[in-house]
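Student: Using only what follows, build the 3D model:
(2 chains)
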Amino acid sequence: MNKLLTANIWRLAIVLFLQLMLLKQISFDLSILSYMQFLIYPVIILMLPVKLDRTLTLLIAFAIGITMDMFYDSPGVHAAATVTTAYLRPFLLAWMEPYEGYNVRESPTIEKLGFRWYAVYLAALLLTHLLLYFSIEAFSFVFIGDIVLNAIISFIPTYMIIMLGMFLFKPVN
Amino acid sequence: MYSLLQLLTRFGVHIVFLILQIISFYFIVSYNKNQREIFINSSNIYTGKINELTSEIRDFVSIRVINDSLKRENATLIENLIRIEYLNEILPEYTDSLLKYSVISASVCNNTFNQKNNHITLCKGALEGIRPGMGVVSATGLVGIVRNTSPNFAHVISLLHSQTRISCAIKSRNAYGSLVWDGRDPRYMTLESVPKFETVAIGDTVITSGYSTVFPKGLLVGRVVNTKPKPGSNNYDIRVKLSSTLGSIKYAYVIHNFLADEQNKLEKEVNNE
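Tutor: Numbering: from 1, shown residues only, chains lettered A, B, ... in the order given. Model (predicted):
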């Protein structure tokens, strides 16, 4: 339990540090690459224990979202998207439940549940989060083309970065 | 109390989710200018559409009153146009007394346009100030000349009449002539007696010359479509496409020239000498 908590707190700190200090600064001005934004903090929500109290996950997600908002100068946008992602996570987990159920209190990739499972899990939640974030940022269906374009173009590099991080750090819990 | 706790444990997650989302959206709409504008403007779109619909219904109910006021407004505007046309000729001291026109608006009660001689009946007559000899125009162009009045109706000879002769000029050129109708196509009339040495081009605008007391100068009559020299004379026969759609006029404006009687009396004295 203690190991779980410290592992998660370390993950929170490192990911937030990376996101806010490094990845926030990266932006392109070229034509289609200007839609690319790196948002890797959903991985914190993803890697929370599977059976963690749902209310607690919502509150944690809200806190992370508000922190991101404070740095990105967009009050409420990240918070709304993150809270919705955290709310939808249990439904996705229940849908993707492996044959013998989740027998541990976490969801990493290699050791516990397999690469294929994790690839689908990450893709689903990350895409959901990005679509939600860009939709709330645009706040109007007039911009639906921009929203989808932003989500898809940001999704690919973000996905690769998170996968890379998984392979590099090999988190156990 | 127990059932309330039970409810809370069952739906606690969803309630917390809703509360957090409401807080987030409150932040979004209060502090983010773009989202706030979209939020407020979207609510405006719906109220705007409802307002539009109700105002359309109200306009439909009061359409007669609106039409009457529009007719009066049109009459005033035509008066002003005529006044402006003459404005640069009049010496400043005489602005108030010389060349006053007033316009009376009327609806068309009866209209013929496909016979050899066409007439129009207006729903206003002598009681409104209409006298024989006044010119009648519409929003699109000339209509005719009043021939007879009764207390409540006026009988107007349309442009499309064999006896119509209207003194017209070609805009920005020095050419003057008489406009007559050949009895065939109700869209075209012929401008006669324009000397051949005048240059007339296709597309030129034909306006009233103001030489008669019936119509003030500068009113639009039509456009030149063809010029043909009249055989056996030194004049052109100019085919003019009329700008007024005489088949479909609903409102006409009668032009009252205050100085018409005086000018006509003077010209008659000169002719009788």
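Student: And for A:Ala7, the neighbour number?
Tutor: Neighbouring residues of A:Ala7 were enumerated by other CB atoms under 10 Å in any protein chain shown; the total is 16. (C-beta placed from N, C-alpha, C; glycine too.)
Student: Let's verify it: helix, strand, or coil?
Tutor: helix (DSSP: H, G, I helix; E, B strand; the rest coil).
Student: now do B:Val240
Tutor: On the basis of three-state DSSP, B:Val240 is classed as strand.
Student: Could I get the pLDDT score of it?
Tutor: In this model, B:Val240 is scored at 92, pLDDT.
Student: again with B:Asn67
Tutor: pLDDT, B:Asn67: 88.
Student: What's the first helix or strand after the strand or helix carrying it?
Tutor: For B:Asn67, the host element (DSSP states H and E) is helix B:63-87. On the C-terminal side of helix B:63-87, the closest following helix or strand by DSSP H and E is strand B:101-111.
Student: what's next to that next one, contact-wise?
Tutor: B:71-72, B:74-76, B:78-79, B:82-83, B:119-124, B:128-130, B:153-154, B:216, B:246-247, B:249-258 (CB atoms under 8 Å, 6 or more residues apart in numbering or on different chains).
Student: Stretch A:8-22 too?
Tutor: Residues contacting stretch A:8-22 (CB under 8 Å, 6+ apart): A:38-41, A:43-44, A:47-49, A:64, A:67-68, A:71, A:171.
Student: quick one on the thing from earlier: what helices and strands are in contact with the helix holding B:Asn67?
Tutor: Judged by 3 or more CB pairs under 8 Å, 6 or more residues apart in numbering or on different chains; DSSP states H and E, helix B:63-87 is in contact with strand B:101-111, strand B:251-257.
Student: now, of the ones you listed, which is deepest in the fold?
Tutor: strand B:251-257 (a mean of 21; mean count of other CB atoms under 10 Å in any protein chain shown).
Student: got the angle for that one vs strand B:101-111?
Tutor: With axes from the mean of the first three to the mean of the last three CA atoms, to 10 degrees as the criterion, the two stretches strand B:251-257 and strand B:101-111 enclose an angle of 140 degrees.
Student: With only the CA atoms kept, save strand B:251-257 in CSV.
Tutor: Below are the C-alpha coordinates for strand B:251-257, written out as CSV (Å, rounded to 0.1, in the frame of the first residue of the first chain):
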residue,chain,number,x,y,z
TYR,B,251,-49.2,51.8,-55.6
ALA,B,252,-49.0,55.0,-57.6
TYR,B,253,-48.0,58.6,-56.7
VAL,B,254,-49.7,61.6,-58.2
ILE,B,255,-47.5,64.6,-58.7
HIS,B,256,-49.2,67.9,-58.0
ASN,B,257,-47.4,70.9,-59.6
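Student: Heading C-terminal from it, find the next helix or strand.
Tutor: Sequence-wise, the next helix or strand downstream of strand B:251-257 (DSSP H and E) is helix B:260-272.
Student: per-residue pLDDT, residue 173?
Tutor: Unless you meant another one, I'm taking chain A. 56.
Student: try chain B instead
Tutor: B:Arg173 carries a pLDDT score of 83 in this model.
Student: got the contact list for it?
Tutor: Each residue near B:Arg173 by CB under 8 Å, 6+ apart is listed here: B:Glu198, B:Thr199, B:Val200, B:Asp204.
Student: Up against chain B, what does chain A have?
Tutor: For chain A, the contact set with chain B under CB under 8 Å from any CB of the partner chain comprises A:54-55, A:58-59, A:62, A:65, A:69, A:74-77, A:79-80, A:83-84, A:87, A:136, A:139-140.
Student: Of these, which qualify as buried by neighbour count?
Tutor: Neighbour-count burial (16 or more other CB atoms under 10 Å in any protein chain shown) is assigned, among the residues of chain A next to chain B, to A:54, A:58, A:62, A:65, A:69, A:74-77, A:79-80, A:83-84, A:87, A:136, A:139.
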